[in-house]
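Q: For reference, the sequence and a predicted model appear below.
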Amino acid sequence: MILETRNLEFSYPDGTKAIDDISIEVPKGKKVSFVGKNGSGKSTLFLLLNGTLKPKKGKVIFGGKEIEYSASGLRELRKKVGIVFQNSDDQLFAPTVYQDIAFGPLNLGYSKAEVDRVVNQMMDHFGLQPLKDKPPHHLSGGQKKRVAIAGVLAMDPDIIILDEPLSNLDPVGADEILDILNELNGLGKTIIISTHDVDLAYKWSDYVLLLSSGKLVRKGTAGHVFSNDAEVRDSSLKSPFILDIYHELEKRWLATGNAQPKDIPELVRLLHSIDLMRVEISPEIAVGECVNLGVLFGDYTKEGLYEAVNSRVLLKNDDGTAVVELKRRVLKPGAIYVYNMDAFDKAEFDKIIETYDINFIGAMGKKSKDIAEDSGIDVVCNSGVIDKSILNAITGSKCLILTSSGMVSHTEKRIREYIQNSGIRLIFSPVGKGAAETNEESKHEHLPDETALS
Ligand SMILES: Nc1ncnc2c1ncn2[C@@H]1O[C@H](COP(=O)(O)OP(=O)(O)O)[C@@H](O)[C@H]1O
Ligand SMILES: [Mg+2]
């Protein structure tokens, strides 16, 4: 800990108790924010931290040593703990930018050459060379802030305290100052800011201290401090915008739970994939159960040619809808075989069932159905056989269509047409001894209609 306070108390001469029993620790090399609404005591605390104000009770400890309020003790402290006031006009008073930045190093007794070197280094670093001879009060808000920071940094402090450093700056000016603060932190400086901007504190800080009415309400990582909505609200602040959005998304199952995104890329990473759907659901299906939403194929699939759309119920709403997470599973295309029952041979038939791993048998036409029945074949479909076989095959089934001479070529033609028009590659093949005949048949021009015959 580079800077600490123990049971600090301070009241202004008019009796206002601005700091009430505050004990804090500031870790070295971190980005620290004191957050609180106006009047919560941030500025007063900062003046206590660099010895400008003397506490009524308690102590301020820098580098493990309680600070001394003697002239030399304070000079030593202010060299190590630089403060940038909220209002730059309170800080800048020299006639030129150069002289203002030179003020601190001169006070520390640097030689003229040394002062010149440091000031020029600061002006180069902060892009202030062109403004060198200008009176500070002629500068823009962002320029003044840069001069003020340069003046503090010229004394090479370990800690830089900035009271509301972004207030009254335009977005570009604010970004420039933030860049500077991040850079200084990267160079090893401990940076302390105060702000009532919760979005800034949440996004920027390693460590946050929440103040309310002169008291410390909560301290810790930004995620920890802002995870307690009630405390943040009680301190008359709101929760960070990005956390609000995240919580709303999370409630709707649109984002992964229990996280604390700091910026938009982090939030986007937490979003659920679009494999989330709102569906109507029957009441008996419970959260966590799996439901099947059918099968996709062709252009609608994502992973493969065919996908079974299974899903898990994540959330049930009162209105009879549910949010389900799709578990799309790629299916291997199935097959359709056609067997000519005119050449039926039980042994061959059984062999075909086994060889092709048939799990769906449909029969077309009276003759096929009769033979199948007599032979004890387990026909599961005997109407609309071609369509049902196609539907089963695209979901991965191996189908066998039993048919007889007149309809064999028609069946084949229908299936080939379907394959050609849909672009879906099903395995399709006539099988068995009768298959040769089938190929002959397919040359016929006038084909009987399936529905008329089945
Ligand atoms: N010079 C002062 N004299 C009397 N009261 C003051 C003075 N400066 C600040 N206060 C009071 O001290 C409290 C803390 O103020 P301050 O430290 O400025 O808070 P913040 O910086 O969080 O806005 C407030 O109630 C404020 O009115
Ligand atoms: Mg203030």
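A: Everything's here; your move. Ligands and ions are numbered 1, 2, ... in the order given.
Q: From the centroid of this structure, which residue is nearest?
A: Centroid-nearest residue in the chain: Leu267, 2.4 Å away (criterion: Cα atoms, centre = their mean).
Q: phi, psi of that residue?
A: Dihedral pair for Leu267: phi -60, psi -40, per degrees, to the nearest 10.
Q: which stretches of the stretch 301-450 of the chain form strands?
A: Secondary structure of the stretch 301-450 of the chain by DSSP state E, counting those that start in this stretch: the strands cover 306-316, 321-331, 335-340, 360-363, 398-403, 427-431.
Q: Low-confidence stretches in the stretch 351-454 of the chain?
A: 436-454 (pLDDT under 70).
Q: What is the neighbour count of the one residue in the stretch 301-450 of the chain that gets nearest to ligand 2?
A: Nearest residue of the stretch 301-450 of the chain to ligand 2 (Cβ to the ion) works out as Leu315 at 44.7 Å. No exception for glycine: its C-beta is placed from N, CA and C like everyone else's. When neighbours are defined as other Cβ atoms under 10 Å, Leu315 has 15 of them.
Q: Tell me the spacing between it and Arg269.
A: Separation of Leu315 from Arg269 (Cβ to Cβ, to the nearest Å) stands at 21 Å.
Q: One more: Asn340?
A: Asn340 sits 59 Å away from Arg269, taking Cβ to Cβ as the criterion.
Q: repeat for Phe62
A: For Phe62, the distance to Arg269 equals 40 Å [Cβ to Cβ].
Q: Which of these two has more residues huddled nearby?
A: Neighbours per residue (other Cβ under 10 Å) separate Phe62 from Arg269, with Phe62 holding more: 22 against 11.
Q: May I have the phi/psi pair for the more buried one?
A: Phi and psi for Phe62, reported as degrees, to the nearest 10, are phi -120, psi 130.
Q: try Gly434
A: Backbone torsions of Gly434, given as degrees, to the nearest 10, read phi -70, psi -10.
Q: Mind listing what's buried along stretch 197-208?
A: By neighbour count on 16 or more other Cβ atoms under 10 Å, the buried set for stretch 197-208 is Asp197, Val198, Leu200, Ala201, Tyr202, Lys203, Trp204, Ser205, Tyr207, Val208.
Q: Out of those residues, name the two that are farthest from one another.
A: Greatest spatial distance in those: Asp197 and Tyr207, 16.2 Å, computed using Cβ to Cβ.
Q: Pretty sure the residue nearest to the centre of the chain sits against His247.
A: No: applying Cβ atoms under 8 Å as the test, Leu267 and His247 come out as separate, 11.0 Å apart.
Q: packing partners for the lengthiest helix in the chain?
A: Identified as the longest helix of the chain according to DSSP state H is helix 405-422. Here helix 405-422 touches strand 335-340, helix 385-394, strand 427-431, helix 435-441, helix 450-453, going by 3 or more Cβ pairs under 8 Å, 6 or more residues apart in numbering; DSSP states H and E.
Q: How about residues contacting the third one?
A: By Cβ atoms under 8 Å, 6 or more residues apart in numbering, the surrounding residues in contact with strand 427-431 are 333-340, 352, 356, 393, 400, 408, 412, 415-416, 419, 435, 438-439.
Q: so Ile159 makes contact with Val26?
A: Yes: at 7.4 Å, Ile159 counts as touching Val26 under the criterion of Cβ under 8 Å.
Q: which neighbours do the two share?
A: Going by Cβ under 8 Å, 6+ apart, residues that sit against Ile159 and also against Val26 are Ile2, Leu3, Thr190, Ile192.
Q: for Glu164, what are its contacts?
A: Contact partners of Glu164, counting by Cβ under 8 Å, 6+ apart, are Lys42, Gln86, Ile193, Ser194, Thr195, His196.
Q: Checking the residue nearest to it when sequence neighbours are not counted next. Helix, strand or coil?
A: Nearest residue to Glu164, sequence neighbours excluded (Cβ to Cβ, 6 or more residues apart in numbering): Gln86, at 4.3 Å. Under DSSP: H, G, I helix; E, B strand; the rest coil, the three-state class of Gln86 is coil.
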